[in-house]
Structure formats: structure tokens, C-alpha cells
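S.K.: any chance you could fold what I've pasted below:
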Amino acid sequence: MSSEPVVVLEGYSFLEGPRWHDGRIWVSDFYTNQVVSARSDGSDVRVEAEVPAQPSGLGWLPDGRLLVVSMRDQRILRRESDGSLVEHADLSAHCGGLLNDMLVDDQGRAYAGNFGFDLMGGGEPRTADLVRVDPDGTVAVVAEDLWFPNGMVKIGDTLVVNETLGNRISEFDVAPDGSLGARRDFAVFGDLPTGDDLGTVLGQTRVGPDGSAVDSEGGVWIADALGQRAARVRGGEIVDTVDVGTGVYALALGGEDGRTLFLCTAPDFAEHARRAAREARLLAVTVEVPA
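M.R.: Numbering: from 1, shown residues only. Alright, predicted model coming up:
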């Protein structure tokens with residue numbers, strides 16, 4: 001590391017889905033229902049979209065239109081050239097819980113995960129499907145039985161998917177049509193969880209990979225939602241960390257030289273606490289290997 005984390009944005013509820021795009025850092029704020037963007041130093045903040053059913057993952061179609069996950073009604077919305085939001089796809093038939101993070105590839109295919117169960121309501125932990133949405137809005141399930149599929153990156157023709165409650169990161173070969181091959185381990189941090197309540201599962205989770213970003217060497221930075229840190233994973237092992245001292249739930253690589261690691265932080269992920277407070281911050285730290 002070449003610097004300590006500095007504050008870029010503060011006074012938000014719960015930040016997720018950061019993306020570096022068009023010279024700005026974009027991020028979703030769950031409980032103010034806003035997507036905002038800013039310059040890398042936190043100046044010139046803009047509200048880019050308002051999503052009443054809670055925004056999360058972000059991405060862009062090849063023509064530049066924004067896609068944003070609408071969590072609670074389990075849809076992906078598309079921002080048109082006039083700024084209006086329209087439905088891009090309805091994924092409610094394929095979600096066991098809230099729709100969550102999303103990756104949009106260079107062909108405009110959106111891969112989206114979901115909680116799999118009622119996380120905030122104390123539901124029994126269950127696996128979830130990973131869904132692909134083609135540019136025309138066609139929906140297909142491309143992987144099953146994932147433990148809270150979350151942040152994703154694409155490395156060449158490989159899709160790398162964090163499983164937050166699975167003690168692992170998985171990878172899949174991506175076929176030309178966007179379908180996925182069989183699941184393989186990208187990294188394993190412990191055994192798969194057992195038990196029928198969240199407390200038990202969390203107690204067995206050694207690393208909770210949430211959001212992710214990839215660098216130019218194929219290293220994958222993960223937000224360790226349970227470890228109050230960001231961790232760089234390469235060759236199946238954690239090879240570097242940024243310890244923050246508070247919850248880290250998502251991250252992105254960007255900045256003018258690609259060496260700024262943006263970190264979405266908050267004291268915890270409990271909805272009742274985060275909805276009532278404005279303690280979420282976006283931090284930034286300089287790393288050696290660029291995006």
C-alpha cells in the first residue's frame with residue numbers, strides 16, 4: 001500500500017455497487033434510494049437516479065445507458081437518454097431473496113445474483129441462482145446452488161463470482177452465447193456452511209467475500225464483509241489486505257491511473273440500524289497494481 005484510506009464521500013446510509021465509469025465513481029445508497037456519482041476526490045456529487053425499491057448493482061450497456069438493480073421488486077432498470085427509468089428485465093421468478101449485485105459485460109449481458117433467502121428477516125439460509133439478462137431483456141438461469149452470489153468480475157472468458165456465505169469464490173467458463181460452464185473453485189477459505197439459521201452459518205464463515213474488483217495482473221480484490229477489510233486474492237490465496245476497522249461491503253478499482261481502491265464502509269449491514277443512520281462512507285486507498 002502507498003497510502004492510508006481517506007474519505008471520499010460520507011453521510012450516507014449503506015453504500016453498495018461502486019463502479020468507476022467515465023472518469024467518476026458511481027455508487028448506490030440503499031436507504032436513500034439514490035445512485036450518486038462524484039469525482040475521485042468526492043467533489044461534484046450528482047444524483048444519477050432515484051430507485052424507490054432500493055438500488056444496488058450498476059453497469060452500462062454498450063450504448064452507454066445505465067443499468068441498475070432494483071432490489072425489492074427484483075427488477076433491473078434501464079436509464080434512458082432522457083433520464084427516465086424503465087424496466088429492462090423482471091427477475092422475480094428466479095429470486096429467493098432480494099436481487100443484489102450485478103456485472104454487465106462488454107456485450108451488454110447482465111449477470112445478477114440474489115440473497116436466496118430473507119436475510120434481514122431471519123430466514124433460513126438457502127442457496128440461490130445466478131441469472132443472465134441479455135441486452136434484449138431475455139432472462140436465463142446460468143448457475144444454481146450458490147451461497148449468496150454477490151460481487152463478480154470477468155477475467156478474459158472466465159466469470160469469477162463471490163459466494164458471501166460459502167467460504168469461497170467460484171469461477172465459470174463463459175461460452176460465446178453467455179452461458180456458463182461447470183463451477184470451479186477460484187479460492188476456498190473454509191468448508192461450506194451447515195445449519196438452518198443465519199447465526200450458525202455466519203459463525204462458520206471465515207471470509208465473507210462481498211463486492212469485488214479485478215486488477216491488471218488478474219488479482220481479485222474482495223470486500224470481506226465479516227473481516228472489516230479488503231483482501232487481494234491471487235492463486236487461490238489472500239496475498240494482500242487493507243484493514244479498515246469497520247465493515248467493508250463493496251469496492252471498485254479506478255481513479256485517473258487505475259490505482260485507487262474505493263471501499264464502501266459502514267458499522268454493520270443490519271437494515272434497521274443503517275436505515276436510521278447516515279454513517280456509511282466511501283473511502284479510497286492507493287494500491288500498487290492498477291485496474
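S.K.: I'd assumed Trp26 was in contact with Arg39.
M.R.: No: in this structure, Arg39 is not within contact of Trp26 by C-beta atoms under 8 Å, at 11.4 Å. C-beta: built from backbone N, CA, C; applies to glycine.
S.K.: who has more neighbours out of those two?
M.R.: Using other C-beta atoms under 10 Å, the more surrounded residue of Arg39 and Trp26 is Trp26, with 25 against 15.
S.K.: for that one, what are its contacts?
M.R.: By C-beta atoms under 8 Å, 6 or more residues apart in numbering, the residues touching Trp26 are 17-20, 35-37, 48, 58.
S.K.: tabulate those in JSON lines, adding columns for neighbour count.
M.R.: Listed next are these as JSON lines, based on neighbours: other C-beta atoms under 10 Å:
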{"residue": "Gly17", "neighbour count": "26"}
{"residue": "Pro18", "neighbour count": "27"}
{"residue": "Arg19", "neighbour count": "26"}
{"residue": "Trp20", "neighbour count": "20"}
{"residue": "Val35", "neighbour count": "25"}
{"residue": "Val36", "neighbour count": "21"}
{"residue": "Ser37", "neighbour count": "21"}
{"residue": "Glu48", "neighbour count": "19"}
{"residue": "Leu58", "neighbour count": "26"}
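S.K.: among these, name the ones in strands.
M.R.: 17-20, 35-37, 48, 58 (DSSP state E).
S.K.: need the residues you listed in TSV (columns: pLDDT and distance to Arg168).
M.R.: TSV is the format used below for the ones in strands among the contacts of Trp26 (pLDDT from 0 to 100; distance: C-beta to C-beta, whole Å):
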residue	pLDDT	distance to Arg168
Gly17	98	22
Pro18	98	23
Arg19	98	24
Trp20	98	26
Val35	98	30
Val36	98	32
Ser37	98	32
Glu48	98	33
Leu58	98	25
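S.K.: could the residues you listed go into TSV alongside distance to Asp118?
M.R.: Converted to TSV, these look like this (distance: C-beta to C-beta, whole Å):
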residue	distance to Asp118
Gly17	21
Pro18	26
Arg19	27
Trp20	32
Val35	25
Val36	28
Ser37	31
Glu48	29
Leu58	24
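S.K.: quick one: the helices in the stretch 51-200 of the chain?
M.R.: 198-203 (DSSP state H, counting those that start in this stretch).
S.K.: for stretch 208-218, what is the average pLDDT?
M.R.: Here stretch 208-218 scores 98 as its mean pLDDT.
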